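Novice: Provided below are the primary sequence and the corresponding predicted coordinates.
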Amino acid sequence: MIISMSTILQDAKKGRYGVAAPNVYNDISVKACFEVADKLKAPIILDCAGLPFLEEVADLVRFYERKFPNVVAALNLDHGGPYEEIIAAIRYGFSSVMIDRSTAPFEDNVREVKEITKIAHAVGVSVEAELGHVGQGFQYEETRNTGLTDKNLALEFIEKTGIDCLAVAVGTSHGAYKGKPHLEFELLAELSKAIEQPLVLHGGSSTGDENLKTAVQLGIQKVNLFTDLSTAGLESMMQYLGVDWNSITQDTNKNEFENMKGNLCDAVLAAKKGYADLLEHYVKLFGGENRI
């Protein structure tokens, strides 16, 4: 069942646990998420970024929604950019959208987020926005301290925009870190105490289990994940492909699958297993298991 992300996160806030939010982009990643959520009886948030993927992913999610009727999930536009992209996600049936104006001046961020929130709420879609800015891991040492979230500005931002959840910058970065991740847990605790709305942590990959577990305990309800899951899928696929390709012969008396020691169908399924196995680990780490 696809529902509002706000509902899922409000339940997580009350239950003091975190919800995994993996990025999805095709049938394999979407199916892996539904399988893990069904197995663990855990709510899940499917993040999808990029206009070329939105319509296809929306259709895939509705397909697997029917196949896994017990799963409770939200479909969220991740890092929504142009106005047209955000409206397209709403039209395709996303139950939540993130509008990312975190690099814009404060007043511009407020104005654009407020406009999208008014539109989204009119059709029952929840809204995520970011204040402060989570940068890229390869620039971690240079950018870590420049975009941390300010509590007073965050309270003003929420009041003026009416958003449902806030992505905060407390020392994480997107992608693999260049340097050791260091989270501002005192800042996170301060934000969690002051802000009623659920909090989102971007840049969960490579941050470390202990850091993420502590972040959830201190008030994070949604943890975004992509790089770790992508890497796990690739590693699983490479293990599957660990064959001596020089020994593969082309025998015309065999069908296309018997003829090869490896095939793309099974390689993709191997990638799904790696993606799903690590996602299962994170769901359990955040305390999301058996919440449905």
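Specialist: Thanks, I have it.

Novice: helix or strand next in line after the worst-scoring helix or strand of the chain on mean pLDDT, which one?
Specialist: When the helices and strands of the chain are scored by mean pLDDT, DSSP states H and E, helix 140-143 comes last with a mean of 69. Next along the chain after helix 140-143, taking DSSP states H and E as the criterion, comes helix 151-161.

Novice: using PDB, write out every CA atom in that following helix.
Specialist: Presented in PDB, the C-alpha positions along helix 151-161 are these (Å, rounded to 0.1, in the frame of the first residue of the first chain):
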ATOM      1  CA  LYS A 151      18.100  25.600  14.500                       C
ATOM      2  CA  ASN A 152      16.500  29.100  14.600                       C
ATOM      3  CA  LEU A 153      16.400  29.300  10.800                       C
ATOM      4  CA  ALA A 154      15.000  25.800  10.600                       C
ATOM      5  CA  LEU A 155      12.100  26.700  12.900                       C
ATOM      6  CA  GLU A 156      11.400  29.800  10.800                       C
ATOM      7  CA  PHE A 157      11.700  27.800   7.600                       C
ATOM      8  CA  ILE A 158       9.100  25.200   8.700                       C
ATOM      9  CA  GLU A 159       6.700  27.800  10.000                       C
ATOM     10  CA  LYS A 160       6.800  29.700   6.700                       C
ATOM     11  CA  THR A 161       6.700  26.800   4.300                       C
END
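
Novice: avg pLDDT for it?
Specialist: Helix 151-161 shows a mean pLDDT of 98.

Novice: same for it, what does it pack against?
Specialist: helix 106-122, strand 126-131, strand 165-168, helix 185-194 (3 or more CB pairs under 8 Å, 6 or more residues apart in numbering; DSSP states H and E). C-betas here are computed from N, CA, C, even on glycine.

Novice: direction-wise, compare that helix with strand 126-131 and give the angle.
Specialist: Calculated by axes from the mean of the first three to the mean of the last three CA atoms, to 10 degrees, helix 151-161 forms an angle of 150 degrees with strand 126-131.

Novice: and the helices in the stretch 151-292 of the chain?
Specialist: 151-161, 185-194, 209-217, 227-240, 264-285 (DSSP state H, counting those that start in this stretch).

Novice: now those in TSV, with mean neighbour count and distance to residue 112?
Specialist: Listed next are these as TSV, based on neighbours: other CB atoms under 10 Å; distance: least, CB to CB, whole Å:
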stretch	mean neighbour count	distance to residue 112
helix 151-161	16	9
helix 185-194	16	22
helix 209-217	17	27
helix 227-240	18	27
helix 264-285	19	31
